[in-house]
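A.B. asks: fold the following for me, if possible:
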Amino acid sequence: MHTSPSSRGYSLLEMIVSLGIFSMVMLVVMGAYVTLISLDRQARANNQLAASLSFAVESMARAMRTGTGYDCGARGGALNCTGGGDSISFLDSQGQIISYIHKNDGSIGQCTGSSGCLDNNAVSLTDRRINITSLRFYVRGVGVGDDTQPNVTFLIAGSMTTEAGEVSTFSIQTGATQRLIEL
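C.D. replies: Residues are numbered from 1 along each chain as shown. Below you'll find the model as predicted:
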């Protein structure tokens with residue numbers, strides 16, 4: 001009895017077809033992976049810009065909460081500003097004059113001291129990729145005979161541009177009510 005050897009393995013045609021299918025699947029998977037990485041980078045860039053803006057807004061509100069003598073604009077003295085102003089000055093908890101302005105380069109500027117807050121001596125609080133188009137301050141509860149607790153509301157509008165060139169617009173309204181320590 002003579003048995004023929006069984007043929008085992010794959011033919012060359014089967015190997016070429018399987019390599020072709022495998023290559024096509026890997027091409028699709030790699031394309032999706034590269035797209036996913038790109039989307040992740042864009043999301044991280046947006047989050048970083050949003051965190052930068054949030055930090056600037058929160059530091060402004062924190063300083064205003066412990067401040068006194070709010071002045072909305074360059075009129076001198078503590079005054080209500082129910083119509084809104086494009087800058088604000090006040091005394092912080094250490095007795096220094098703090099001012100916030102909308103700078104010409106589209107950022108929020110902060111000045112410390114009584115020398116006046118101008119575009120050239122204001123320190124930018126926002127990232128260069130954040131463009132502030134509108135900054136308004138509203139002050140209530142300041143003045144003689146006013147029984148209302150001092151309150152500052154500020155509105156910020158603008159846009160953020162990521163390194164990928166995507167632009168996101170935003171509009172923020174927040175407030176700070178004076179919280180002085182009473183001992």
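
A.B. asks: all helices of the protein, in order?
C.D. replies: 12-65 (DSSP state H).

A.B. asks: what segments of the protein are strands?
C.D. replies: For the chain, the strands defined by DSSP state E occupy 68-71, 81-85, 87-91, 97-102, 108-112, 123-124, 130-140, 151-161, 167-177.

A.B. asks: Tyr10 is nearest to which of those?
C.D. replies: Tyr10 lies closest, by C-beta to C-beta, to one member of the strands of the chain: strand 167-177, at 53.5 Å. In this view, the C-beta of every residue, glycine as well, is placed from N, C-alpha and C.

A.B. asks: what angle do the closest one and strand 87-91 make?
C.D. replies: Strand 167-177 runs at 40 degrees relative to strand 87-91, counting by axes from the mean of the first three to the mean of the last three C-alpha atoms, to 10 degrees.

A.B. asks: so for strand 167-177, mean pLDDT?
C.D. replies: Averaging pLDDT along strand 167-177 yields 90.

A.B. asks: turn the strands of the chain into TSV, columns for distance to Val34 and mean neighbour count.
C.D. replies: Converted to TSV, the strands of the chain look like this (distance: least, C-beta to C-beta, whole Å; neighbours: other C-beta atoms under 10 Å):
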stretch	distance to Val34	mean neighbour count
strand 68-71	52	19
strand 81-85	48	15
strand 87-91	47	22
strand 97-102	40	21
strand 108-112	37	20
strand 123-124	35	14
strand 130-140	28	20
strand 151-161	23	19
strand 167-177	23	13
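
A.B. asks: and those, which one is worst for confidence?
C.D. replies: The bottom spot among those, by mean pLDDT, belongs to strand 81-85, with a mean of 80.

A.B. asks: partner strands of it, parallel or antiparallel?
C.D. replies: strand 130-140 (antiparallel) (DSSP bridges).

A.B. asks: and the partner strand, how far from the chain's centre?
C.D. replies: Taking the mean of its C-alpha atoms, strand 130-140 sits 14 Å from the chain's own mean (C-alpha atoms, centre = their mean, to the nearest Å).

A.B. asks: so it versus strand 97-102, what angle?
C.D. replies: Between strand 130-140 and strand 97-102, the angle comes out at 130 degrees (the same axes, to 10 degrees).

A.B. asks: pull the CA atoms of strand 130-140 into CSV?
C.D. replies: The C-alpha trace of strand 130-140 is given here as CSV (Å, rounded to 0.1, in the frame of the first residue of the first chain):
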residue,chain,number,x,y,z
ILE,A,130,-7.4,84.3,22.6
ASN,A,131,-8.8,87.4,21.0
ILE,A,132,-11.1,89.5,23.3
THR,A,133,-13.6,91.5,21.2
SER,A,134,-15.6,92.9,24.0
LEU,A,135,-15.0,93.6,27.7
ARG,A,136,-17.6,95.4,29.8
PHE,A,137,-17.8,96.0,33.6
TYR,A,138,-21.0,96.8,35.5
VAL,A,139,-20.8,98.0,39.1
ARG,A,140,-23.6,98.3,41.6
